[in-house]
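Asker: Give me coordinates for this.
(chains A, B, C and D)
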Number of protein chains: 4
Amino acid sequence: MIIVVSSKSKSDELKGLFNYIESHNVQIKQTIGETHTILGLVGDTVKIDMDAISTFPVVESVKRVQEPYKLVNRKFHEIDTVIDIGGFKIGGGNFSVIAGPCSVESHDQILEIARGVKQAGAGILRGGAFKPRSSPYAFQGLEGTGLMLLSEAKAATGMPLVSEVMSTDDIALFDDVDVIQVGARNMQNFRLLKELGKLDKPILLKRGLANTIEEWLMSAEYIMAGGNEKVILCERGIRTFETATRNTLDVSAIPIIKKLSHLPIIVDPSHSAGMSHLVEPLSLAAIAAGADGLIIEVHNNPQKALCDGAQSLNIPQFNALNAKIDKLVAFMKSL
Amino acid sequence: MIIVVSSKSKSDELKGLFNYIESHNVQIKQTIGETHTILGLVGDTVKIDMDAISTFPVVESVKRVQEPYKLVNRKFHEIDTVIDIGGFKIGGGNFSVIAGPCSVESHDQILEIARGVKQAGAGILRGGAFKPRSSPYAFQGLEGTGLMLLSEAKAATGMPLVSEVMSTDDIALFDDVDVIQVGARNMQNFRLLKELGKLDKPILLKRGLANTIEEWLMSAEYIMAGGNEKVILCERGIRTFETATRNTLDVSAIPIIKKLSHLPIIVDPSHSAGMSHLVEPLSLAAIAAGADGLIIEVHNNPQKALCDGAQSLNIPQFNALNAKIDKLVAFMKSL
Amino acid sequence: MIIVVSSKSKSDELKGLFNYIESHNVQIKQTIGETHTILGLVGDTVKIDMDAISTFPVVESVKRVQEPYKLVNRKFHEIDTVIDIGGFKIGGGNFSVIAGPCSVESHDQILEIARGVKQAGAGILRGGAFKPRSSPYAFQGLEGTGLMLLSEAKAATGMPLVSEVMSTDDIALFDDVDVIQVGARNMQNFRLLKELGKLDKPILLKRGLANTIEEWLMSAEYIMAGGNEKVILCERGIRTFETATRNTLDVSAIPIIKKLSHLPIIVDPSHSAGMSHLVEPLSLAAIAAGADGLIIEVHNNPQKALCDGAQSLNIPQFNALNAKIDKLVAFMKSL
Amino acid sequence: MIIVVSSKSKSDELKGLFNYIESHNVQIKQTIGETHTILGLVGDTVKIDMDAISTFPVVESVKRVQEPYKLVNRKFHEIDTVIDIGGFKIGGGNFSVIAGPCSVESHDQILEIARGVKQAGAGILRGGAFKPRSSPYAFQGLEGTGLMLLSEAKAATGMPLVSEVMSTDDIALFDDVDVIQVGARNMQNFRLLKELGKLDKPILLKRGLANTIEEWLMSAEYIMAGGNEKVILCERGIRTFETATRNTLDVSAIPIIKKLSHLPIIVDPSHSAGMSHLVEPLSLAAIAAGADGLIIEVHNNPQKALCDGAQSLNIPQFNALNAKIDKLVAFMKSL
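Answerer: Sure, this is the predicted structure:
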């Protein structure tokens, strides 16, 4: 940790600060300049609160030298984490496609979609049973029944499942779900993260719509700190001033995450843009930037979808896209 | 609802769209222009999904005419809602100050602060027992014990309590808490909102750090739709590109909310800025813009605070500020 | 300047960095920690390029200790700058109101408005002759003729003038204008700033719609570096994700600027919100937060205004508002 | 244009609005609903000011049906515009790479870089002579001399030139420059756009750091409205809350622009990220999303670059990248 103080500071003003720091068993090394003095703190500064340091009137600024995350940090874990989902791998050079509807609506719907996306080449089935909707009057998902219908689709097709949990109360219902998704709005639902940290099951952690990459990694750290090392990060667009798209896909997050962390990162092109005609270019861009997978919304009848129809591909569209995805993934490996 | 389609659309392309709309028992009135045709939908359009409309290829854009919220809407409830918190009122011309530490740390700490802020004129005591922290390694609050210490402070001073809930699991512990706070990161934790909608107790709903005013009102609608009409909105700064402050206080939200809704709105100047020297100017600005109250972080020893010390006032600072607040509130009524 | 390098760096990797730094006649003081080494640079680091430092692979991060601005910096100029505009003062405890139409449209229009706002108590007249419009098909201002009409209004009422310049080519036409305004879109038109730095006339520098406070101060530094010390800063709302208002007034910028700089700061409540009903609450909030003045759009017939009618007050509305402004300014001095 | 008014509006309140609209020779068609009445305007609404409509108290909202741009609109110009730069084409399936230093520093520097990037396969040379720098104390470019050095590099290598203009005063100096660049900070310098509209020379129009896609297209419309049809759009990252990158590359802008406009769009991966290690993934992502070209910063010695060294590739790095670019461009055509 580095603390910058004014060189004009009087010694009694500095004394309080020094006492505070030294009470944490940390050494202070001073570099005195003309206008400012730099205090370099040597030792274990993890427990020193930057905020508390800022309250001393002599302090002009404080800067952490170390990243605030450890378990997700590539510095302490150089090798890529690979997540195996029923035989489909994500990370470490492995690429998988997750596809399915925004929400599970009926036995026939989920089965038709599951069979369609499987035939098109998707490995893993997604489907929402609990739906976070901004309006209390919108369809909220089939909940427990939705999870049962997903299990039926899994039994019929052999596809592993991804589904979103919204509350700690429901975790017990996700036994047959292979990957539990944390939605963007719950990225900092810390209580939920803590509970998921106790499981031995992959967690798909979506980035919050206005969360920094550092905050996102800190939320992954919550899960790993609980003992669950199987975290997949998912970039799904961030909120900006631009209104031409629902969100702005932050494609740079892919190489940044690869540098900072060993965890795999996939992209959700459907929520990023909010429009079906953007799903293809954003999927291809994500692959070219190094993503480890994609999660794509597909519906057998987007016009009758109970949510997010505007961003869903129909099955033939997904089929055409997935052929391109396969080819580009193979090409990128050869590049 | 208004739908814009191209005037070049062929009749069979339009047919599917018309059938879809008419299946909802809604009438279509067309206005044909040179390049575009406008479809005005007359009837109850609440159940028509804008998203589904967008999936029809002929549709260029869709626009809702009515606000998506009803219970919080001033149009259907002209009179200001007034919330009574142990005799202290918020809304409808009533102004109250809530003050206290970011987190409850000990019996002596909360008692000293409670007595200090009460003497300075604050009506209501705040204190965090469950703390949402971005790092799993940071102090997470005293949890149940924290709530007990708050109860002791309430018993000793008579001050009603505000404290934050982080999970549906804990609601039962909040019996003695007078106002339950929903933090910014949980503004769209819809399951939590639904549970709080079942209570007969005021809910302080903070605005999410990247949520629009409309989304915020929709979250209030969740609580009211459950039957709980006692909602207080709290603006606490939004996330922008500016880094000189922790968040950007959206002072315009105050008059906007006053126009759109009958619910009271208060301001949190401490989290907005993240720096204690900004608490005074932002508090005064909030009052001048029409806020119904303030929630201010106060600590007996900010340098030793276990969280958010940098933005906390000490007791003498709060005392000086509260005197100004009182005068400005009185002045604004006379203006 | 502080440079953080990994403690694992090899000496030959560090050598290149050290040679580079020492070639600038700057001393390096090292603080060696377990995982990182901190290099504190002592001496005149102004000419060392942070960017160049970042290119050395051993460097993890670089941080400037000193602000990058000098002339606008309160540290080197403790006393508030006061700008005198034809007898009306801004800064150092002095407050003035600038009012007038978005654009000058005709002799009668500007004269009627000038007389109206003067009678209501405004000291200074604003009016646009050169208008930056996002569409090439929108009214672009009366240009030279507009400035002539402003001069006529000045002659008739004695009010000093504020008007916006859009290009270095036109500066010569602004002889009779008392304060030259730089619009938000030109805040980083550095060539224009340099030319305005050569004048002996106050410059009203609006904040760019997505510029940080530091960038804004650097633009003021451009003007002062040219020799013109008469700079007035104007906060006019920043661009955020919120769409309920045209821009988001950053009211915190007022106390932040007061701390960092000696320059006066005024607020434009009309452009901040883009809606006339928000002008009053935002004006009062700005005063309460410590602003040195306001610039308000007023039109004799907002519905026929050639630009920005939606945010303009009519003359009776301004008259009512200005009475409140006067009272609040006086009250704040007494607080 | 669509205007929404309350169904409770009294007829005399509506009268003023109707008179205003009808004075523009536009027909009004009403759709009366339970709570709102929709007014559809038929005829040429281009000259009707949405702002003026908003000032009528009965109006709840106004919406344009047509895009505000014509010449850049794909609806009126279906075929892709192709720009030829000394034999290198951009748009309509043609892809070109522009490379070179942030700023021209010396004869030897620009010549070495020009030869290096040409050998690596770049077609077009970029180099800044006039540099927009946020600090008045930073290197401002060699100006006229810089342009002369660029001409020498062009003579020696045959490469066409791209260079940025900062002021209308300097346009005459750009005779030998093949493509004139408008920087992000000047995207809404409307006077400059108007002057460039008079030339018969391609203009590279960078997106402003906080400008919407619609505003960007309007700025292109300014140039085309002046008679110059040779506009190349350049996405270079937008400003968001994320600080891990200098800007956030808006990769979705590529397919959006392709849909809305016939103009070509290229990407600047160097400014988007501000870090050299991100240039490769962002370049590849841009190609996969459909970009028509790239503009990349390359320096023979990034550590000694007078500006933006941190984001510059050295010549061997560019050589390696360009080989991948060529392969991916070819692959995408086959996809």
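
Asker: Verify the stated contact: A:Gly227 with A:Gly197.
Answerer: Yes. Contact criterion C-beta atoms under 8 Å: A:Gly227 and A:Gly197 qualify, at 6.0 Å. In this view, the C-beta of every residue, glycine as well, is placed from N, C-alpha and C.

Asker: Quick one: residues contacting A:Ile266.
Answerer: Residues near A:Ile266 by C-beta atoms under 8 Å, 6 or more residues apart in numbering or on different chains: A:Ile90, A:Ile98, A:Leu204, A:Ile232, A:Leu233, A:Cys234, A:Glu235, A:Ala291, A:Asp292, A:Gly293, A:Leu294, A:Ile295.

Asker: Format the residues you listed as JSON lines; extra columns: distance to chain C and neighbour count.
Answerer: Listed next are the contacts of A:Ile266 as JSON lines, based on distance: C-beta to the nearest C-beta, whole Å; neighbours: other C-beta atoms under 10 Å in any protein chain shown:
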{"residue": "A:Ile90", "distance to chain C": "29", "neighbour count": "27"}
{"residue": "A:Ile98", "distance to chain C": "28", "neighbour count": "28"}
{"residue": "A:Leu204", "distance to chain C": "25", "neighbour count": "26"}
{"residue": "A:Ile232", "distance to chain C": "27", "neighbour count": "27"}
{"residue": "A:Leu233", "distance to chain C": "22", "neighbour count": "26"}
{"residue": "A:Cys234", "distance to chain C": "21", "neighbour count": "26"}
{"residue": "A:Glu235", "distance to chain C": "18", "neighbour count": "27"}
{"residue": "A:Ala291", "distance to chain C": "25", "neighbour count": "29"}
{"residue": "A:Asp292", "distance to chain C": "26", "neighbour count": "28"}
{"residue": "A:Gly293", "distance to chain C": "28", "neighbour count": "29"}
{"residue": "A:Leu294", "distance to chain C": "26", "neighbour count": "27"}
{"residue": "A:Ile295", "distance to chain C": "24", "neighbour count": "26"}
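
Asker: thinking again about what came up before, which one's more surrounded, A:Gly227 and A:Gly197?
Answerer: A:Gly197 (19 against 11; other C-beta atoms under 10 Å in any protein chain shown).

Asker: Show the backbone phi and psi for that one.
Answerer: Backbone geometry at A:Gly197, expressed as degrees, to the nearest 10, gives phi -70, psi -20.

Asker: Would you mind confirming that it is in contact with A:Ile223?
Answerer: Yes. The pair A:Gly197 and A:Ile223 qualifies as a contact (C-beta under 8 Å) at a distance of 4.5 Å.

Asker: Near chain D, which residues of the stretch 201-335 of chain A are found?
Answerer: Within the stretch 201-335 of chain A, the positions lying close to chain D (C-beta under 8 Å from any C-beta of the partner chain) are A:210, A:212-214, A:238, A:240-245, A:248-256, A:259, A:272-273, A:277-278, A:281-282, A:284-290, A:324, A:327-328, A:331-332, A:335.

Asker: Quick check on these: which are buried?
Answerer: A:210, A:212-213, A:238, A:240-242, A:244-245, A:248-256, A:272-273, A:278, A:281-282, A:284-290, A:324, A:328, A:331-332 (16 or more other C-beta atoms under 10 Å in any protein chain shown).

Asker: so A:Ser54 touches B:Ala310, yeah?
Answerer: Yes. Using C-beta under 8 Å, A:Ser54 makes contact with B:Ala310 at a distance of 4.0 Å.

Asker: shared neighbours of these two, anything?
Answerer: With C-beta under 8 Å, 6+ apart as the test, A:Ser54 and B:Ala310 both reach B:Met275.

Asker: Settle it for me: which of those two has more neighbours?
Answerer: Taking other C-beta under 10 Å, A:Ser54 and B:Ala310 do not tie; B:Ala310 has more neighbours (25 against 21).

Asker: which residues does the residue lying closest to A:Ala122 once chain neighbours are set aside contact?
Answerer: Using C-beta to C-beta, 6 or more residues apart in numbering or on different chains and skipping residues adjacent in sequence, the residue nearest A:Ala122 is A:Ala99, 3.9 Å away. Residues in contact with A:Ala99 (C-beta under 8 Å, 6+ apart) are A:Val117, A:Ala120, A:Ala122, A:Ile124, A:Leu125, A:Arg126, A:Ile295, A:Ile296, A:Glu297, A:Val298, A:Phe318, A:Asn322.

Asker: Quick check: A:Ala99 is in a helix.
Answerer: No. Per DSSP: H, G, I helix; E, B strand; the rest coil, A:Ala99 lies outside any helix segment and is strand.

Asker: residues in contact with the closest residue to chain B within the stretch 151-300 of chain A?
Answerer: Closest residue of the stretch 151-300 of chain A to chain B, C-beta to the nearest C-beta: A:Ala210 (2.9 Å). By C-beta under 8 Å, 6+ apart, the contact set of A:Ala210 is A:Ile238, A:Arg239, B:Leu209, B:Ala210, B:Arg239, C:Phe241, D:Phe241.

Asker: Mind pulling the model confidence for the fifth one?
Answerer: In this prediction, B:Arg239 carries a pLDDT score of 96.

Asker: Measure how buried it is and give me the count.
Answerer: 22.

Asker: what do you get for A:Ser163?
Answerer: Around A:Ser163 there are 25 residues (other C-beta under 10 Å).

Asker: what's A:Lys70 in contact with, if anything?
Answerer: Shown in contact with A:Lys70 (C-beta under 8 Å, 6+ apart): A:Phe76, A:Glu221.

Asker: what helix or strand is it on?
Answerer: Using DSSP states H and E, A:Lys70 sits within no helix or strand.

Asker: How much space separates it from A:Ile38?
Answerer: Distance, A:Lys70 to A:Ile38, by C-beta to C-beta, to the nearest Å: 26 Å.

Asker: If you average the pLDDT over stretch A:102-122, what comes out?
Answerer: 97.

Asker: typed the wrong thing, it's stretch A:314-328
Answerer: 98.

Asker: Strands along chain A, start to end?
Answerer: Residue ranges of the strands in chain A, as given by DSSP state E, are A:2-6, A:27-32, A:36-42, A:59-63, A:83-85, A:88-90, A:96-100, A:124-126, A:161-165, A:179-182, A:203-206, A:231-235, A:265-267, A:293-297.

Asker: Adding distance to D:Val165 as columns, could you present these in a markdown table?
Answerer: Shown next, in a markdown table, are the strands of chain A (distance: least, C-beta to C-beta, whole Å):
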| stretch | distance to D:Val165 |
| --- | --- |
| strand A:2-6 | 40 |
| strand A:27-32 | 44 |
| strand A:36-42 | 40 |
| strand A:59-63 | 38 |
| strand A:83-85 | 51 |
| strand A:88-90 | 48 |
| strand A:96-100 | 46 |
| strand A:124-126 | 50 |
| strand A:161-165 | 51 |
| strand A:179-182 | 49 |
| strand A:203-206 | 43 |
| strand A:231-235 | 37 |
| strand A:265-267 | 38 |
| strand A:293-297 | 42 |
